[in-house]
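Novice: Test case, fold it:
(one chain, ligands or ions: 1)
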Amino acid sequence: MSHTNALPFPSRSIASDGIPGQAPVLSVKGLTTNFDTSSGTVHAVRDVSFDLYKRQRLAIVGESGSGKSALAMSLVGLVPPPGRIVGGSVKLHGTELVGLDDAGISKIRGRDIGLVFQDPMAALDPLKTIGTQFVETIRVHQDVAVKVARRMACELLAEVGVNDPERRIADYPHQYSGGMRQRVLIAMAIANDPAVVIADEPTTALDVTTQAQVLDLLAKICDERGNALVMITHNLGIVEELCDSVNVMYAGRFVESSSTRSLFGTPAHPYSKALLDCVIDPATAKRGALPAIPGSPPDLSVDEPGCPFVSRCPIGRDELRCATERPESRTLAGGAVVRCHFASDTPGDAA
Ligand SMILES: Nc1ncnc2c1ncn2[C@@H]1O[C@H](COP(=O)(O)OP(=O)(O)OP(=O)(O)O)[C@@H](O)[C@H]1O
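Specialist: Next up, the predicted model:
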């Protein structure tokens, strides 16, 4: 069974056009993506559903290998071979994206959905100036003269904090610092005024302070422009500070979809609890990057019948039901949607 989360935004005030109940900007239902490898089919994204609203900031968190990037790629038709979407739907303003040909999805990517990916050096062409690349990005989707595109690029660079953009636009990517390259990518991602911005761990190579500054900037810009933001990150501190709602991903599935306040206050799924427990630094009480949870995630090419978290779970290990019956998603009293037979958002109950 798929679930679609329709979450309140308790942590920030959201304009009325951003409240669930309005039509979602992006609606994902039952999205399923496999990688057919020589050693078997890797089920990277399984039956993922969510709705995203104007100005919403949605985080996707989970350990390495849980399927976050495969999901991001699936949303924009960039799943690399041998991967392919084998089921489900991704609708942007009601238009189906799954199944579009390359030309169709290319029109959407960069225009309606802006992307900020992990490695700015890989995303930028080292042999072209920032200005040349920026002008190309704008002119692929907008019928404007080079001069106009250049002016737009300078304005956007100024907006993301690049000083003296008229001069810096003539520089090559290697002449920018890591943080500045991320800012350039943010400026490019918003250049065509997309409805949705997807940022996949955009700051891994940066120091913690610069990371926070870059993500804070991205969130603010999306807010000002009314863009919805999907933020894929390992940094739960940033999620808690910047995002409205969180989807916790484990072994290709969303195991908890919750408002940020609810997740950090009363995490319901044992996996969410484990994630939060192990990132609370007792010395500073601040949450940082995800360290490891004891045990390892399941092999995504093996389709076990029970809960994929069972071998690591403090409450499910001894339960026959957890070992034999896959939990479907269900909505708890507080609104969180979880895939766990025993999860509870009432302190003292079950998990
Ligand atoms: N090109 C590929 N070929 C085969 N398997 C792949 C490929 N890309 C991803 N996978 C597999 O899909 C699963 C999900 O990977 P994915 O990169 O989406 O995880 P992730 O949560 O984004 O991890 P990270 O946080 O490290 O980026 C993993 O088991 C991974 O090995």
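Novice: Let me know how buried the residue lying closest to residue 258 once chain neighbours are set aside is, in neighbour terms.
Specialist: Nearest-residue entry for residue 258: residue 336, 3.9 Å, with adjacent residues in sequence omitted and distances by CB to CB, 6 or more residues apart in numbering. Backbone N, C-alpha and C define where each C-beta goes, glycine included. If you count neighbours by other CB atoms under 10 Å, residue 336 ends up with 27.
Novice: now residue 60
Specialist: Residues near residue 60, counting by other CB under 10 Å: 27.
Novice: and it, bridged to which residues?
Specialist: Beta bridges link residue 60 to residue 232, residue 247, judged by DSSP bridges.
Novice: quick revisit: what residues are up against the residue nearest to residue 258?
Specialist: By CB atoms under 8 Å, 6 or more residues apart in numbering, the contact list for residue 336 reads 256-259, 262-263, 268, 345.
Novice: Out of those residues, the closest to residue 206 would be?
Specialist: Nearest to residue 206 among the contacts of residue 336: residue 263, at 24.7 Å, using CB to CB.
Novice: where's that closest one relative to residue 25, distance?
Specialist: According to CB to CB, to the nearest Å, residue 263 stands 22 Å off from residue 25.
Novice: got it, and residue 188?
Specialist: Residue 188 sits 20 Å away from residue 25 when distances are taken as CB to CB.
Novice: these two touch, right, residue 226 and residue 55?
Specialist: Yes - assessed by CB atoms under 8 Å, residue 226 is found in contact with residue 55 at 5.7 Å.
Novice: re earlier: between residue 263 and residue 25, who's got more neighbours?
Specialist: Taking other CB under 10 Å, residue 263 and residue 25 do not tie; residue 263 has more neighbours (29 against 24).
Novice: what's near enough to touch the nearest residue to that one once chain neighbours are set aside?
Specialist: Among residues not flanking residue 263 along the chain, residue 246 sits closest, at 4.9 Å (CB to CB, 6+ apart). Each residue near residue 246 by CB under 8 Å, 6+ apart is listed here: 58-61, 239, 256-260, 263.
Novice: now residue 82
Specialist: 35-37.
Novice: For it, give its distance to residue 48.
Specialist: 20 Å.
Novice: go on, residue 183?
Specialist: 30 Å.
Novice: Show me which residues of the stretch 101-250 of the chain sit near the ligand.
Specialist: Within the stretch 101-250 of the chain, no position is adjacent to the ligand by CB under 6 Å from any ligand atom.
Novice: follow-up on the earlier one: tell me which of residue 183 and residue 48 has more neighbours.
Specialist: Of the pair residue 183 and residue 48, residue 48 is the one with more neighbours under other CB under 10 Å, namely 27 against 24.
Novice: Name whatever forms a beta bridge with the more buried one.
Specialist: Beta-bridge partners, per DSSP bridges, of residue 48: residue 31.
Novice: close enough to count as contact, it and residue 30?
Specialist: Yes - using CB under 8 Å, residue 48 makes contact with residue 30 at a distance of 7.4 Å.
Novice: on that earlier part again, phi first, then psi, for the residue nearest to residue 258.
Specialist: The phi and psi values for residue 336, taken as degrees, to the nearest 10, are phi -70, psi 140.
Novice: Where does pLDDT dip in the stretch 201-350 of the chain?
Specialist: By pLDDT under 70, the low-scoring segments of the stretch 201-350 of the chain are 202-205, 279-292, 345-350.
Novice: now the helices for it?
Specialist: In the stretch 201-350 of the chain, the helices defined using DSSP state H, counting those that start in this stretch lie at 208-225, 236-242, 260-265, 270-279, 320-324.
Novice: TSV for those helices, including distance to residue 147?
Specialist: Supplementary listing: the helices of the stretch 201-350 of the chain in TSV, determined by distance: least, CB to CB, whole Å:
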stretch	distance to residue 147
helix 208-225	24
helix 236-242	36
helix 260-265	43
helix 270-279	49
helix 320-324	63
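Novice: and of the contacts of residue 82, the nearest to residue 145?
Specialist: residue 35 (43.0 Å).
Novice: Helix or strand: which one has that closest one?
Specialist: Per DSSP states H and E, residue 35 falls inside strand 26-37.
Novice: Mind listing what's buried along that strand?
Specialist: 26-29, 31-35 (16 or more other CB atoms under 10 Å).
Novice: Over to stretch 311-328?
Specialist: In terms of neighbour count (16+ other CB under 10 Å), stretch 311-328 has its buried residues at 311-313, 315-316, 319, 322, 327.
Novice: re earlier: would you mind pulling the contact partners of the strand holding residue 35?
Specialist: Contacts of strand 26-37 (CB under 8 Å, 6+ apart): 2, 4, 41-52, 67, 70-71, 73-75, 79, 82-92, 94, 98, 195-196, 228, 301.
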